[in-house]
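K.L.:
mind folding the following:
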Amino acid sequence: MEDYGRFLALLASALLVGFVSVILSLVWVFHYREGLSWDGGPGEFNWHPVLVVTGFVFMQGIAIIVYRLPWTWKCSKLLMKFIHAGLNTIAMILAIVSMVAVFEFHNAKNIPNMYSLHSWIGLTAVIFYSLQLFLGFAVFLLPFAPVHLRAVLMPIHVYSGLTIFATVIATALMGITEKLIFSLKNPAYSASPPEANLVNCLGLLLVIFGSLILWMASRPHWKRPPNLSYLKSYRNPLRKMYHLN
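P.N.:
Numbers count the residues shown, from 1 in each chain. Below is the predicted model:
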């Protein structure tokens, strides 16, 4: 693998930044907000930023680069497909739960739903992410799609996945800014209180994490190499069924 050491450094940096982002989201809701609960109160709303950062950002990012990990290249392609699909499925479930928490909180407090740009783009991202996951299962995981169809749809699948991930990062930044503007009154957000600085740091970490993931995913020389034993794999009926390389 070309530049193996640099790849490992970027991977370690991405994992560290993503993990710290999750920790900061928890510090935010437990130290400055009302913690976590499921009773229609502010604690229920707080599930939204925590689950978005944990699932929709961090876990989705790991799912994107899981094929790029050199020590997994000896694993079967089918196993890696299941890991990729499994991580994305968990991320989607967490994203949906985070949206349910917001809607229930808004309804309990008689707050209008779906009025902000953040909510419009966020719902759009969840819908397209669900479609991306469904089509990924149907075309690349289940053994029914012909090889030529997979070859045609793979670049679209990759591009749309990266686009959705970048959109989620942007939406998260809008969301945390919106939350601070609405919540911080005395002192105001413009006065840069400690909570504002903490959440601004969280936003910076999300941008750094997204940039690292997109960089690793877009380098062609870090792509999983084709398996030279492709023809031998057809001796296994299951591998033949799934068109594995």
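K.L.:
check this structure for its longest helix and report it.
P.N.:
helix 147-183 (DSSP state H).
K.L.:
what lies in contact with the helix or strand encompassing E44?
P.N.:
Using DSSP states H and E, E44 sits in helix 42-45. Residues from elsewhere that reach helix 42-45 (CB atoms under 8 Å, 6 or more residues apart in numbering): 29, 33-38, 101-102, 104-105, 108. C-betas here are computed from N, CA, C, even on glycine.
K.L.:
middle-most residue in this protein, spatially?
P.N.:
With distances taken as CA atoms, centre = their mean, Q60 lies nearest the centre of the chain, 2.5 Å away.
K.L.:
so that residue touches V168, yeah?
P.N.:
Yes - assessed by CB atoms under 8 Å, Q60 is found in contact with V168 at 6.8 Å.
K.L.:
report the buried residues of stretch 210-220.
P.N.:
Buried residues in stretch 210-220, counted by 16 or more other CB atoms under 10 Å: 210, 212-214, 216-217.
K.L.:
which of those residues fall in helices?
P.N.:
Those of these lying in helices (DSSP H): 210, 212-214, 216-217.
K.L.:
dump those to TSV, plus distance to I83.
P.N.:
Output for these, formatted as TSV (distance: CB to CB, whole Å):
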residue	distance to I83
G210	21
L212	20
I213	16
L214	20
M216	17
A217	16
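K.L.:
distance of I64 from V29?
P.N.:
In this view, I64 and V29 are 26 Å apart by CB to CB, to the nearest Å.
K.L.:
no wait, A138
P.N.:
From A138 across to V29, the span is 37 Å (CB to CB).
K.L.:
higher neighbour count, those two?
P.N.:
More crowded of A138 and V29, by other CB atoms under 10 Å: V29, with 20 against 11.
K.L.:
quick one, what contacts the more buried one?
P.N.:
By CB under 8 Å, 6+ apart, V29 lies in contact with 35-36, 43, 46, 49-50.
K.L.:
which parts of this protein are strands?
P.N.:
Assigned by DSSP state E, the chain shows no strands.
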